[in-house]
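A.B. asks: using only what follows, build the 3D model:
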Amino acid sequence: MKLLGISGALAGSKTAIAVKETLNIAKQQDETLETELLDLKDYDVEMVKGYPLEQYNEDTQNVVQKILSADMLVIGTPIYQASISGVLKNLFDHIPQEAFDGKVVGMVATAGSEKHYLVSEYHLKPIIAFLKGTLPARNVFVHNSCFDEKNKITNEDVLTRMEKMSQEMIKLQKAL
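C.D. replies: Residues are numbered from 1 along each chain as shown. From the prediction side, this is the model:
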């Protein structure tokens with residue numbers, strides 16, 4: 001079973017760190033799990049223009065194919081202006097409508113304001129549902145204060161939420 005983590009940030013590293021930590025925790029839950037971090041910073045995903053996928057660059061096609069071939073997903077986004085990142089929204093616009101059918105999709109959000117803790121519920125969750133993903137009951141919000149000066153997550157409550165979400169995702173995926 002393959003779990004793909006997506007970091008939907010072009011600036012900073014906290015979102016990628018939070019997604020990677022979630023992947024590591026999931027791997028501890030099930031050692032047979034294959035995990036991969038897809039950091040959108042490392043790819044040139046073109047802006048959607050309404051063309052068939054084959055008409056976009058190789059990076060765009062590869063990113064979409066990685067998503068389609070994964071069994072489960074952890075989608076990470078920084079919260080900007082009380083919404084998900086634009087690069088992540090653009091990626092979703094490349095994905096076929098039923099791409100997440102049969103996949104459990106977890107959410108990890110990072111933000112500098114505690115006021116943004118519900119953004120993933122109101123912005124990301126409907127997109128995942130539209131793409132036919134199965135959502136666990138839990139998701140993870142990581143405030144900037146939960147990272148130490150070396151950008152390591154030190155907040156035990158956040159790590160526990162990652163663990164519980166990972167456990168639920170694996171259990172749900174095996175039941176699908």
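A.B. asks: what helix or strand is the residue sitting nearest the centre point of the chain on?
C.D. replies: Nearest residue to the geometric centre of the chain (C-alpha atoms, centre = their mean): residue 75, 0.8 Å. Secondary structure from DSSP states H and E places residue 75 in strand 72-78.
A.B. asks: got it, and residue 38?
C.D. replies: Counting by DSSP H and E, residue 38 is found in strand 34-39.
A.B. asks: against residue 81, how distant is residue 1?
C.D. replies: As judged by C-beta to C-beta, to the nearest Å, residue 1 and residue 81 stand 35 Å apart. Placement of C-beta: from N, CA and C, glycine included.
A.B. asks: specify which residue of those two has the higher count of neighbours.
C.D. replies: Applying other C-beta atoms under 10 Å to residue 1 and residue 81 shows that residue 1 carries more neighbours, namely 13 against 9.
A.B. asks: mind listing what the more buried one touches?
C.D. replies: Residue 1 is in contact with 30, 32-34, 71-72, 170, 173-174, counting by C-beta atoms under 8 Å, 6 or more residues apart in numbering.
A.B. asks: reformat the residues you listed as a markdown table; add distance to residue 153 and pLDDT.
C.D. replies: Conversion of the contacts of residue 1 to a markdown table gives the following (distance: C-beta to C-beta, whole Å; pLDDT from 0 to 100):
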| residue | distance to residue 153 | pLDDT |
| --- | --- | --- |
| 30 | 21 | 95 |
| 32 | 25 | 95 |
| 33 | 20 | 96 |
| 34 | 23 | 97 |
| 71 | 25 | 97 |
| 72 | 21 | 98 |
| 170 | 20 | 97 |
| 173 | 24 | 96 |
| 174 | 27 | 94 |
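A.B. asks: quick one: which of these is most hemmed in?
C.D. replies: Result: residue 72 is most packed of these (other C-beta under 10 Å), 27 neighbours.
A.B. asks: that one contacts residue 173, correct?
C.D. replies: Yes - the pair residue 72 and residue 173 passes the contact test of C-beta atoms under 8 Å, sitting 5.1 Å apart.
A.B. asks: any common contacting residues for these two?
C.D. replies: Jointly contacting residue 72 and residue 173 under the rule C-beta under 8 Å, 6+ apart are 1, 103-104.
A.B. asks: if we can go back for a sec, I figured the residue nearest to the centre of the chain was touching residue 109, is that so?
C.D. replies: No - applying C-beta under 8 Å, one finds residue 75 not in contact with residue 109, separated by 9.2 Å.
A.B. asks: alright, calling it a day.
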